[in-house]
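A.B. asks: I'll drop the sequence and a predicted model, then ask my questions.
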Amino acid sequence: MSMNRKCLWILALVLAVPVLPGAAAAAYQGGGYSGGAREDRLTINEQLRRMTKTFNLTADQQSKLKPILIDERKKIDDVRDNTSLERSTMFDRIKQIRQDTDAKVRALLDDKQKETFDKMQQEREDRMKNRQGGPGEDNSGGNPPSPPPQN
């Protein structure tokens, strides 16, 4: 192989290597560029399947739950598509939509399912609290940290 041809192959490989991880990720996601969390989220049917498995939902509960999930998705998409909203307002509205949906879902559950639901909600809240704040901040939701002891 001539030196020029060898250099061209090396150059082609060097240029192709950074592209490969992006192409693999796009193929894994079903093709194309993922423009954000909206494309990565579960479909309504996937969400319903997970909830059915987690809470052991009856067919009747599933049929009542699906329209609730569809309504939630539409409302959240409408908020996200409203470019005139400030970020904090958008988050507040989405939080309210999710709280309303959670109340509707909880109302469909029997006592045992509600226990599981409440436990999962508490775990989600705990995870959210732990994500907030920065280094040195108390994320426990309790009192501020004590000052260091004086010698």
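C.D. replies: Received it, and whenever you're ready, just let me know what you need.
A.B. asks: make it CA atoms for all contacts and neighbour counts henceforth
C.D. replies: Fine.
A.B. asks: next one: Asp111 from Thr83, what distance?
C.D. replies: The gap separating Asp111 from Thr83 is 41 Å, by C-alpha to C-alpha, to the nearest Å.
A.B. asks: just Glu123 next, same as before
C.D. replies: Counting by C-alpha to C-alpha - Glu123 and Thr83 are separated by 32 Å.
A.B. asks: low pLDDT regions in the chain?
C.D. replies: Applying pLDDT under 70 to the chain flags residues 1-4, 6-40, 133-151.
A.B. asks: now the helices for it?
C.D. replies: For the chain, the helices defined by DSSP state H occupy 3-16, 19-28, 37-40, 44-55, 59-81, 87-108, 111-131.
A.B. asks: just send the ones you listed back as a markdown table, with mean neighbour count too.
C.D. replies: A markdown table is the format used below for the helices of the chain (neighbours: other C-alpha atoms under 10 Å):
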| stretch | mean neighbour count |
| --- | --- |
| helix 3-16 | 11 |
| helix 19-28 | 12 |
| helix 37-40 | 10 |
| helix 44-55 | 14 |
| helix 59-81 | 15 |
| helix 87-108 | 15 |
| helix 111-131 | 13 |
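A.B. asks: show me the contacts for Asn56.
C.D. replies: Contact analysis of Asn56 by C-alpha atoms under 8 Å, 6 or more residues apart in numbering lists Gln113.
A.B. asks: swap in 6 Å and give it another go.
C.D. replies: Asn56 makes no contacts at all, as judged by C-alpha atoms under 6 Å, 6 or more residues apart in numbering.
A.B. asks: next, it: phi, psi?
C.D. replies: phi 50, psi 60 (degrees, to the nearest 10).
A.B. asks: what separates it from Phe91, distance-wise?
C.D. replies: 31 Å.
A.B. asks: repeat for Thr58
C.D. replies: To Phe91, Thr58 is 32 Å away according to C-alpha to C-alpha.
A.B. asks: got it, and Gln113?
C.D. replies: Computed as C-alpha to C-alpha, the Gln113 to Phe91 distance reads 28 Å.
A.B. asks: cool, and Thr43?
C.D. replies: Taking C-alpha to C-alpha as the measure, Thr43 falls 21 Å from Phe91.
A.B. asks: right, I'll leave it there.
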